[in-house]
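Chemist: test case, fold it:
(2 chains)
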Protein chains: 2
Amino acid sequence: MHAFFLQQAVELASNNVSEGGGPFGALVVKNQQIIAASGNRVSANQDPTAHAEIMAIRKACLVLQDFQLTNCTLYTSCEPCPMCLGAIYWARLSAVYYACDRLHASAAGFDDGFIYDEIPKLPAERTIGMYYLETTNPEQPFKTWQSLTHKICY
Amino acid sequence: MHAFFLQQAVELASNNVSEGGGPFGALVVKNQQIIAASGNRVSANQDPTAHAEIMAIRKACLVLQDFQLTNCTLYTSCEPCPMCLGAIYWARLSAVYYACDRLHASAAGFDDGFIYDEIPKLPAERTIGMYYLETTNPEQPFKTWQSLTHKICY
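Modeler: So this is what the prediction gives:
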């Protein structure tokens, strides 16, 4: 069953190339039914976050009208990059199956491995420098949040 | 100048809470002008990827009609989570400034640190298991991509 859905993600990835997208595809399955699917639409949508996994997660959330995908499984033609990996945790998917790994992606010119290598570095020492700066009451947003009596914790 | 914009990201984060969003805000600045801004809209939009940074990046790309944000700077009320960190690399921003770090976020109940800890693990050993499976021609999407003579490399 897992191989059946994963094969469809690979085929979606191939088809996506002929539809002006990148060579990646992903689908979200719940109760053995595909509830959302997408190819990579970065250049097509002018959106660097439009990886296949992010798009499929966003679509599945729209279908379920929920910001969590509990009991859903993601099938993706390639091992998720750190961005998509983060999205998988925030969406609380149950499991992920992939058909190629980050080395295959790198060999094809999609260098996710580079981002994986950046993550453990100190923020200011990354290739894109990330700097803490002092501001007035930086924790005010959290205090405002904590003072709410009715809120949706996500 | 950096502190000026960063303070606005913090204020946006506070205001976003009273507008039904999470306690995070981000803005994208180019040539000392704010070109895009957003709070966290995860629960408001039913979208687990709608972190302030992702939203601001997507808006900025729409404004510039480009999937890259070269020579743009991101100001965010809190250190980016791994998902947003990935998006920052894919968008090729120049630099990032932040007002709180992941420890402040964790203390307020937003546990980005947990995802940072998951990344170095072997995929199958993560809290959300990620499994390589054999498929037929898993590299076909990359081959199809490489055979294109006209394509937008992203």
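Chemist: C-alpha only now, for contacts and for neighbours.
Modeler: OK.
Chemist: contacts only, for A:Asn44.
Modeler: Careful, residue A:44 is Ala and not Asn. By CA atoms under 8 Å, 6 or more residues apart in numbering or on different chains, A:Ala44 lies in contact with A:20-21.
Chemist: to clarify, my last question referred to A:Ala87.
Modeler: Listed by CA under 8 Å, 6+ apart, the contact set of A:Ala87 reads A:54, A:57, B:48-49, B:83.
Chemist: what strand or helix carries it?
Modeler: In the assignment (DSSP states H and E), A:Ala87 maps to helix A:82-91.
Chemist: and the strands in chain A?
Modeler: Per DSSP state E, chain A has strands spanning A:22-30, A:33-40, A:72-78, A:95-100, A:129-132. These are given in chain order.
Chemist: put the alpha carbons of the first one into CSV.
Modeler: The one in question is strand A:22-30. These are the backbone C-alpha positions of strand A:22-30, laid out as CSV (Å, rounded to 0.1, in the frame of the first residue of the first chain):
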residue,chain,number,x,y,z
GLY,A,22,10.1,21.2,-10.6
PRO,A,23,10.8,17.5,-10.5
PHE,A,24,9.1,16.8,-7.2
GLY,A,25,5.6,15.5,-6.2
ALA,A,26,3.9,14.7,-2.9
LEU,A,27,0.5,13.5,-1.7
VAL,A,28,-1.3,13.3,1.6
VAL,A,29,-3.3,10.1,2.4
LYS,A,30,-5.9,9.6,5.1
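Chemist: got the contact list for that strand?
Modeler: When contacts are taken as CA under 8 Å, 6+ apart, the neighbours of strand A:22-30 outside the stretch itself are A:5, A:9-14, A:16-17, A:34-43, A:51-53, A:56-57, A:60, A:71-78, B:141-142, B:144-145.
Chemist: farthest-apart pair in the contacts of A:Ala87, please.
Modeler: Taking every pair in the contacts of A:Ala87 and measuring CA to CA, the maximum separation is 13.1 Å, between A:Ile57 and B:Met83.
Chemist: which of these two has more neighbours?
Modeler: Per other CA atoms under 10 Å in any protein chain shown, whichever of A:Ile57 and B:Met83 has more neighbours is A:Ile57, with 31 against 27.
Chemist: tell me the spacing between the most centrally placed residue in chain A and chain B.
Modeler: Taking CA atoms, centre = their mean, the centroid of chain A lies closest to A:Cys84, which sits 2.3 Å from it. For A:Cys84, the distance to chain B equals 6 Å [CA to the nearest CA, to the nearest Å].
Chemist: repeat that for A:Asn71.
Modeler: A:Asn71 is 11 Å from chain B, by CA to the nearest CA.
Chemist: next up, phi/psi of that residue, please.
Modeler: Main-chain dihedrals, A:Asn71, degrees, to the nearest 10: phi 60, psi 20.
Chemist: surely it meets A:Leu64?
Modeler: No - distance between A:Asn71 and A:Leu64: 11.8 Å, which falls outside the contact criterion (CA atoms under 8 Å).
Chemist: next up, the contacts around A:Thr70.
Modeler: For A:Thr70, the contact set (CA under 8 Å, 6+ apart) comprises A:91-94.
Chemist: I misspoke; the intended subject was A:Gln46.
Modeler: If you count contacts by CA under 8 Å, 6+ apart, then A:Gln46 has B:61-62, B:65-67 around it.
Chemist: picking that back up, just the buried ones from the contacts of strand A:22-30?
Modeler: Burial by neighbour count, judged by 16 or more other CA atoms under 10 Å in any protein chain shown, picks out A:5, A:9-14, A:16-17, A:34-43, A:51-53, A:56-57, A:60, A:72-78, B:141-142, B:144-145 from these.
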